[in-house]
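Asks: got a predicted structure here, sequence first:
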Amino acid sequence: MKSSRLFFLLALFVLAAAVSWFVFSQSHRSAIGERITVYYTKLDGTTEVPWTISLRPQAGGESAAERLHNAALYAAVQAIAGPSSTIDAIRFPPGTQVRSLNVNGSTADVDLSGEVRSQGGGSLGESGEFKALVWTLTALPGIDAVAIRIEGERVDTLPGGHLALDTPLRRSDW
Amino acid sequence: MHWIHRCAVRTGSAIVLGALAPFWALAATPAAKNAPSFWFGHQHLSFARASAQKGDWAVALHDTALQSVLSKLGVSVAWQNGERYVLLTTAEPRIISFAVGDQRYDMEDVSAQAPFAPFVRNGDVYLPLYTLLRALYLEPKSDRGQMVLQPQIASADVQSTRDGSLLVMHAAFPLHARRLPSPNGRVIYDFAGVGSTLERVRKVRDASLSEIDVQMGGTTRDPDTKVTIVLVPHARADDGKSGDHLDFLLVLHGGTPGFNYPAPPSPPPPAIESSPSPEPSGGEATPEPTAPSSAVVTGVEAQPAAGEFDAQISVSGNAGYEWHRLLDNRWYVDIHPAILQIAPRDETPSAAQVTSLRVRQLSATTVRVALTLTGQNEVDVTPSQSGLAISVKDSQADVVARSGTGSIGALASAAPVPSNWKFTPPPASSAPTDPRLIVIDPGHGGSDTGAQNSGLVEKTLTLDISSRLRSILLSRGWEVRMTRSSDTDVYGPGASDRDELQARVDVANNGGARLFVSVHVNSFVNGRPNGTTTYYYKAVDLPFASAIHRRLVSAALGTKDDGVIKETLYVVHHTTMPAVLVETAFLSNPDDRALLRSPDWLEKVARAIADGIGDYAGAPRASSQSEQR
């Protein structure tokens, strides 16, 4: 009788610990607020200028993972579009689109459309474009690296390019 | 009898309901018979997958007519089934954002309510059609019993500039402007093919203009809009031009430069916290004028992470910094001379190591970023070209440093190098097997021309500079190997981009080279950027890059000093020895291009790189000269 009570208490404790862990991990993962920071790179190639855009409040039924995915997609699309056209900024080639985005662990896997290949310039453009994208996505809690695909395929660099894209990009790469 | 009557009524009702059911079903289906249709240019579009909904039409994103409109306007869409946001990027670019289940939609910094919330049905998302069209600057208009989508001039914004004003106009399509003859004091432009719902006459209080008059003419299907700008005395206008995207820009000079717009009386609260300011002068948080050489603190980004708290201070320009730790574990860094472009901050980060973060303009020329630490946490301060990185560790030490100083920006790269570096370079990640071998990589080549402009080709220029560099290094006793010594691909024609770059890396890695130098010419989509940049990636590259860049700067090349910059460039990243990539000048910049045409200048660049190699590595021990390839 005594042992069964002990077993019951132990099971209760394990259950409480599991519930606590689940609640904590969910609240930790849903740390995305209603604003996200997007960056663009100035023409000096090094300065990242932040601006803020607002998300909708977390919807009922929107899990933490879904919210992170939605926020990351919004952030990536905004970073690719860049700031208002009156602002001097290093920009992705016109027509570049985010085809899809998936968050795997702490890496955002971004699939860009083929227009990104038409950069055609030097290191300044390539660097400034991807720096802004990486800074934007890694500003989201839970993301610390960005892997690049083009038209669904992994790429090691851009055509005639300079940038190493064979490993996920991180802020520390700049 | 009564029940018979009741039964008859019910039966009759059922028959009537049964008869009407197909009509209701038809009305409720997306492919309603009376689907909206419009003339758009010379094309007649019928939105077949649309249904009436609360005074608007719910149209499927993948409706053929809608896709045709989006394609014609150059709008891209990001949405997949299961995603919440429907994000439309216009050609300008602007983001129009809808969210499934939410009536609110955003257009840049403006938030508005749609008649109904977007919804998903059968794997497609349905959006409010009229709302979307108007967000795209297309106005549905009636014309002799038919509906027409009329492109609109959406905005005419006036911005103050240093010597006058700038008028920026946006529209659904690229604006084709024609300047019309006009009396003195006025500038008139005609915009064919677009209408306008802007207010007819707008009084403006800016440096160079006092009024904008917008007058729409033509027909509904073929509109024509004239815009008259009334100048203030002594003001003049350049010829208007189309911007990089869909803008029309008109630069105005004179009048009362520096005149500032009075703040609008009570602007509605923006949905978006803040829009990017057009350069430092635009920020409201900018303090009183300071020395023109002041750097600008453009942002402070706090990033609590597991085991540490990171803060990145973004600084534009050159500045010094000085940090101190007080006895009560308050810690601060002063950046000087600098002005704060963002609003002052005082916040409590959700971090185990830091309980407060404050950012403010301490004095006219000093920005202070202050942290309150939870204990004797170790703090790393790392300067870079883009600012200052602060990392507060979880680990606590009994004895911690109390102060330090350093430089940010170009000052950082120009910082004196320790006196012992010259003959004892830091160890490479793998020891060279041939300590006298230097590999030179002339960028691009063969099928890859690199940048081209005005008859100059990057692959030719890089080979020219590299060949000169090889001769100088050989004369100084180094062994030299070129990744290519003629106009060829290194891996071979038709190779993948990766194979081509890896082949260059392999020449250095497999040869056991001591140093690797890749020579390039930079380029950009417009002619504004200019200068010389030395890129590195690995920590072991930095002293080498600094040595070369110092020589490039001191050689009086006549280019702007764009600094030593860390960048994950493939050939620098994957070589195992100290490596740099030198972007000698901008082919896209007219001034730099003129320099690139000069053989003397190319020789000067080659000599500066060779001198930098000498500064870094000293002289080769033996005098034997050899060259392979």
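Replies: Ah, there it is.

Asks: shouldn't B:A370 be in contact with B:V354?
Replies: No - contact between B:A370 and B:V354 fails when scored by CB atoms under 8 Å: they sit 10.3 Å apart. The way it works is simple: take the backbone N, C-alpha and C, and place the C-beta from them, glycine included.

Asks: those two: which has the busier surroundings?
Replies: Here B:A370 and B:V354 are compared on neighbour count by other CB atoms under 10 Å in any protein chain shown; more neighbours surround B:V354, at 23 against 18.

Asks: what about the more buried one, distance to B:I335?
Replies: 18 Å (CB to CB, to the nearest Å).

Asks: what's the answer for A:T47, then?
Replies: For A:T47, the distance to B:I335 - CB to CB - is 14 Å.

Asks: the two: who's more crowded?
Replies: B:I335 (27 against 23).

Asks: let's verify that one: helix, strand, or coil?
Replies: strand (DSSP: H, G, I helix; E, B strand; the rest coil).

Asks: SS state for A:H69?
Replies: Per three-state DSSP, A:H69 ends up helix.

Asks: who does the closest residue to it other than its chain neighbours form a beta bridge with?
Replies: Distances taken as CB to CB, 6 or more residues apart in numbering or on different chains place A:V103 nearest to A:H69, at 5.6 Å, with adjacent residues excluded. Listed by DSSP bridges, the beta-bridge partners for A:V103 are A:A108.

Asks: ok, A:V103 - contacts?
Replies: Shown in contact with A:V103 (CB atoms under 8 Å, 6 or more residues apart in numbering or on different chains): A:65, A:68-69, A:72, A:109, A:142-143.

Asks: same check on A:W135?
Replies: A:W135 neighbours (CB under 8 Å, 6+ apart): A:39, A:48, A:171.

Asks: quick check, the longest strand belonging to chain B touching chain A?
Replies: Longest strand in chain B by number of residues (criterion: DSSP state E): strand B:146-161. Yes - using CB under 8 Å from any CB of the partner chain, strand B:146-161 reaches chain A at B:Q159.

Asks: what residues sit buried inside that strand?
Replies: Residues B:147-154, B:156, B:158, B:160-161 are the ones in strand B:146-161 that count as buried (16 or more other CB atoms under 10 Å in any protein chain shown).

Asks: among the residues you listed, which one sits closest to B:A171?
Replies: B:I153 (4.8 Å; CB to CB).

Asks: I'd guessed the closest one sits against B:E199; true?
Replies: No - contact criterion CB under 8 Å: B:I153 and B:E199 do not qualify, at 11.7 Å.

Asks: what touches both of these two?
Replies: B:V214.

Asks: center of chain A, which residue is that?
Replies: Nearest to the mean C-alpha position of chain A, by CA atoms, centre = their mean, lies A:L137 at 3.2 Å.

Asks: quick one: mean pLDDT over the helix or strand encompassing that one.
Replies: In this structure, A:L137 is located in helix A:123-138 according to DSSP states H and E. With pLDDT averaged residue by residue, helix A:123-138 scores 92.

Asks: so which bits of it are buried?
Replies: A:123-138.

Asks: same check, this time on stretch B:317-333
Replies: B:317-321, B:323, B:325, B:329, B:331-333.

Asks: now do stretch B:475-492
Replies: Taking 16+ other CB under 10 Å as the criterion, stretch B:475-492 shows B:476, B:478-485, B:489-491 as buried.

Asks: tell me the average confidence for that stretch?
Replies: Mean predicted lDDT for stretch B:475-492 stands at 93.

Asks: what's the span of it, first residue to last?
Replies: 30 Å (CA to CA, to the nearest Å).

Asks: close to chain A, is that stretch?
Replies: No - judged by CB under 8 Å from any CB, stretch B:475-492 and chain A are separated, with a smallest distance of 11.1 Å.

Asks: any idea how far that stretch is from the chain center?
Replies: 36 Å (CA atoms, centre = their mean, to the nearest Å).

Asks: for stretch B:552-567, same thing?
Replies: Using CA atoms, centre = their mean, the offset of stretch B:552-567 from its chain centre is 23 Å.

Asks: now check it, is it near chain A?
Replies: Yes - interface with chain A: stretch B:552-567 contributes B:562-563, B:565-567 (CB under 8 Å from any CB).

Asks: pLDDT below threshold where in the chain?
Replies: The chain I'm using is chain A. A:1-2, A:19-30, A:120, A:160-161 (pLDDT under 70).

Asks: the intended chain is chain B.
Replies: B:1-33, B:242-246, B:255-293, B:326-328, B:363-364, B:385, B:397-405, B:410-432, B:621-629.

Asks: domains of it?
Replies: B:37-136, B:152-253, B:295-413, B:437-617 (automatic domain parsing).

Asks: quick one: closest of these to A:F7.
Replies: domain B:295-413 (35.4 Å).

Asks: next, B:E603: phi, psi?
Replies: Torsion angles at B:E603 (phi, psi; degrees, to the nearest 10) stand at phi -70, psi -40.

Asks: and if you look at B:V571?
Replies: Per degrees, to the nearest 10, the backbone of B:V571 is at phi -70, psi -30.

Asks: from chain A, how far off is B:Q376?
Replies: For B:Q376, the distance to chain A equals 26 Å [CB to the nearest CB, to the nearest Å].

Asks: could you find the closest non-adjacent residue to that residue?
Replies: B:Q396 (4.5 Å).

Asks: what count of nearby residues applies to the one you found?
Replies: Neighbour tally, B:Q396, other CB under 10 Å: 14.

Asks: give the buried residues for stretch B:462-471.
Replies: Here stretch B:462-471 shows B:462-470 as buried, counting by 16+ other CB under 10 Å.

Asks: and those residues as JSON lines, adding distance to chain A and secondary structure?
Replies: Shown next, in JSON lines, are the buried residues of stretch B:462-471 (distance: CB to the nearest CB, whole Å; DSSP: H, G, I helix; E, B strand; the rest coil):
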{"residue": "B:T462", "distance to chain A": "11", "secondary structure": "helix"}
{"residue": "B:L463", "distance to chain A": "15", "secondary structure": "helix"}
{"residue": "B:D464", "distance to chain A": "17", "secondary structure": "helix"}
{"residue": "B:I465", "distance to chain A": "15", "secondary structure": "helix"}
{"residue": "B:S466", "distance to chain A": "16", "secondary structure": "helix"}
{"residue": "B:S467", "distance to chain A": "21", "secondary structure": "helix"}
{"residue": "B:R468", "distance to chain A": "20", "secondary structure": "helix"}
{"residue": "B:L469", "distance to chain A": "19", "secondary structure": "helix"}
{"residue": "B:R470", "distance to chain A": "22", "secondary structure": "helix"}
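
Asks: tell me which of the residues you listed is nearest to B:Q43?
Replies: B:T462 (48.6 Å).

Asks: tell me the contacts of that closest one?
Replies: Contacts of B:T462 by CB under 8 Å, 6+ apart are B:442-445, B:450, B:519-521.

Asks: ok, which of those also contact chain A?
Replies: Answer for the contacts of B:T462 near chain A (CB under 8 Å from any CB): B:444, B:450, B:520-521.

Asks: what is the subsequent helix or strand relative to the longest strand of chain B?
Replies: Next element after strand B:146-161 (DSSP H and E): strand B:164-171.

Asks: strand partners of that next one, parallel vs antiparallel please.
Replies: Assessed with DSSP bridges, strand B:164-171 is paired to strand B:146-161 (antiparallel), strand B:248-253 (antiparallel).

Asks: show residues contacting that strand.
Replies: Under CB under 8 Å, 6+ apart, the answer for strand B:164-171 is A:86, B:92, B:137, B:151-160, B:175, B:191, B:194, B:206-209, B:212, B:227, B:229, B:235, B:240, B:243, B:246-255, B:257.

Asks: name the nearest residue to B:V505, ignoring sequence neighbours.
Replies: B:H574 (4.6 Å).
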